[in-house]
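Student: Here you go, sequence then predicted model.
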Amino acid sequence: MSKHGKVLVAMSGGIDSTVTARLLHDEGYEVIGITMKTWDYASSGGSKKETGCCSLDSINDARQVAVDAGFAHYIVDIRDEFGDYVIDNFVDEYLAGRTPNPCILCNTHIKWESLLKRADAMDCEFIATGHYAKLQHKNGRYYVSKAKDENKDQSYVLWGLSQECLARTRFPLGDMRKPEVRQLAMDWGYTDLAKKGESYEICFIPDNDYHAFLKRRVDGLEEKLRDGVFVNEKGEVIGRHEGYPFFTIGQRRGLGDAFGKPMYVTEIHPERNTVVLGELEDLNRNGLRAGKLNMMKYERIEDGLEAVTKIRYNNPGTLSKLFMENDDMMRVEFDAYVKAIAPGQSAVFYEGDDVIGGGTIYESFNL
């Protein structure tokens, strides 16, 4: 009988999930490791060798850790459910002129649901991942807060997790810094893992060329989008492009250099295959609306609640006030201008280090 119960640990073969599994094992949990095969890059037609959590090397690394520590390890093929939901959504969002965040969608709708389903089948009370975040439970609510290591904090990408998911989740790395995690891996003899580089690309686009990926996924895309135009803030045509899905709000590179001054993507109009370009100040907005909400710390908020709202993972956040327009729409009014708010990305609301909740950005505006 285990000291703390059974826990199913998501193991990618990387250093963070390896240390997570070993920590829980050493604490007295009955650990079962699971590696989820989400994507087969060879089927995408890409040119780069498969890397990351879905590669054979990573799967073998995860299995070896389990063998060394003496706990069970399973490989689960979820390529169909991942592809149908995450990849199709990724393509659809770009075709709608928005900028998706597939990692958040995967966490919310694929990884946690898949983990919990397998945990139930294996009689595991808990699931665990190597995310850098803390789990809190106060006033009957489960919520995520920032990790001790703010440089590695991943609370932003976890805003979509439900109360049911959080109640059964463990984040052993939340109170650790990355150098500590790396040192533990070295101490346990995982020298190669400790030296392994980290991947920041989307897992199903390891060459980081999403333009080519979209062209491979959508038949005839180049032909359909060949007559795209750049317009300025007045609506005047100032250039041509190869298709609106290949641009995102705030983009500067890849626009050409014929404008005589730095220009940025300020709006995207998919129905007209038009991309609006402006100067840096034209990216300023002080309001947004976000939908598909998931509330964490509070089930519902009072209008005017002060929060720091982050509009992308590496965004420091801006002081704002929150207003519920209905059960699934948040209006955010910023205290200062924010640049390059991109529809399709996530707005995550913080009270101190705690995640109040989050949603998908629908639109930005000026008050």
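Tutor: Received, thanks. Numbering: from 1, shown residues only.
Student: So which residues of this protein form helices?
Tutor: For the chain, applying DSSP state H gives helices covering 15-27, 56-69, 79-82, 88-95, 102-106, 112-121, 163-167, 178-187, 191-195, 210-217, 221-224.
Student: Of those, which is nearest Glu302?
Tutor: helix 163-167 (20.1 Å; CB to CB). Using the backbone N, CA and C atoms, a C-beta is placed for each residue, glycine as well.
Student: helices or strands up against the closest one?
Tutor: Applying 3 or more CB pairs under 8 Å, 6 or more residues apart in numbering; DSSP states H and E, we find helix 163-167 packed against helix 112-121, strand 141-145.
Student: right, and the helices of the chain - which one's nearest Gly130?
Tutor: Of the helices of the chain, the one closest to Gly130 (CB to CB) turns out to be helix 15-27, at 3.2 Å.
Student: Could you pull out the buried residues of that closest one?
Tutor: Neighbour counts using 16 or more other CB atoms under 10 Å place Ile15, Asp16, Ser17, Thr18, Val19, Thr20, Ala21, Arg22, Leu23, Leu24, His25 of helix 15-27 among the buried residues.
Student: a markdown table for those residues, including pLDDT?
Tutor: Converted to a markdown table, the buried residues of helix 15-27 look like this (pLDDT from 0 to 100):
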| residue | pLDDT |
| --- | --- |
| Ile15 | 94 |
| Asp16 | 95 |
| Ser17 | 94 |
| Thr18 | 94 |
| Val19 | 96 |
| Thr20 | 97 |
| Ala21 | 96 |
| Arg22 | 95 |
| Leu23 | 96 |
| Leu24 | 96 |
| His25 | 95 |
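Student: Return the member of the residues you listed nearest to Glu233.
Tutor: Distances from Glu233 to the buried residues of helix 15-27, taken by CB to CB, are shortest for Asp16, at 44.2 Å.
Student: these two touch, right, that closest one and Glu180?
Tutor: No: counting by CB atoms under 8 Å, Asp16 sits too far from Glu180 to count as a contact (11.5 Å).
Student: circling back to that earlier point, okay, the helices and strands packed on helix 163-167, which one's buried deepest?
Tutor: With neighbours taken as mean count of other CB atoms under 10 Å, the helices and strands packed on helix 163-167 reach their highest mean count in strand 141-145, at a mean of 21.
Student: How far does that one sit from its chain's centre?
Tutor: The chain centre lies 18 Å from the centre of strand 141-145; the measure is CA atoms, centre = their mean, to the nearest Å.
Student: now swap in stretch 245-259 and tell me
Tutor: On CA atoms, centre = their mean, the centre of stretch 245-259 falls 23 Å from that of its chain.
Student: can you list contacts of that stretch?
Tutor: Stretch 245-259 has contacts (CB atoms under 8 Å, 6 or more residues apart in numbering) with 94-95, 97, 99, 211, 214, 221, 225, 230, 238-239, 241, 262-268, 270, 275, 277, 283, 339-343.
Student: what about burial for these, which qualify?
Tutor: When the contacts of stretch 245-259 are checked for burial by 16+ other CB under 10 Å, the buried set is 94-95, 97, 99, 211, 214, 221, 225, 230, 239, 241, 263-268, 270, 275, 277, 283, 339-343.
Student: So which of those residues sit within strands?
Tutor: If you go by DSSP state E, these have Phe230, Gly239, His241, Tyr264, Val265, Thr266, Glu267, Ile268, Val275, Leu277, Lys339 in strands.
Student: Contact partners for the fourth one?
Tutor: By that I understand Tyr264. Contact analysis of Tyr264 by CB under 8 Å, 6+ apart lists Gly250, Gln251, Arg252, Leu255, Leu277, Gly278, Glu279, Leu280, Asp282, Leu283, Ala340.
Student: Out of these, grab the one that's most surrounded.
Tutor: In terms of neighbours by other CB atoms under 10 Å, the contacts of Tyr264 top out with Leu277 at 24 neighbours.
Student: Quick check, it in contact with Lys261.
Tutor: No: in this structure Leu277 lies outside contact range of Lys261 using CB under 8 Å: 10.4 Å.
Student: With just CA atoms, put stretch 355-367 into CSV.
Tutor: Provided in CSV are the C-alpha atoms of stretch 355-367 (Å, rounded to 0.1, in the frame of the first residue of the first chain):
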residue,chain,number,x,y,z
VAL,A,355,-5.1,33.0,-11.6
ILE,A,356,-8.6,34.4,-11.3
GLY,A,357,-9.5,32.9,-14.7
GLY,A,358,-9.0,33.4,-18.4
GLY,A,359,-10.6,33.3,-21.8
THR,A,360,-10.0,33.5,-25.5
ILE,A,361,-9.6,37.0,-26.9
TYR,A,362,-12.4,37.9,-29.3
GLU,A,363,-11.6,41.5,-30.0
SER,A,364,-9.7,44.5,-28.9
PHE,A,365,-10.8,48.1,-28.8
ASN,A,366,-10.2,51.6,-27.5
LEU,A,367,-12.4,53.0,-24.7
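Student: Enumerate the positions of it that are buried.
Tutor: Neighbour counts using 16+ other CB under 10 Å place Val355, Ile356, Gly357, Gly358, Gly359, Thr360, Ile361, Tyr362, Ser364 of stretch 355-367 among the buried residues.
Student: want to try TSV for those, with distance to Thr191 and pLDDT as columns?
Tutor: Converted to TSV, those look like this (distance: CB to CB, whole Å; pLDDT from 0 to 100):
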residue	distance to Thr191	pLDDT
Val355	35	98
Ile356	41	98
Gly357	41	98
Gly358	38	98
Gly359	42	97
Thr360	41	97
Ile361	42	98
Tyr362	47	97
Ser364	47	97
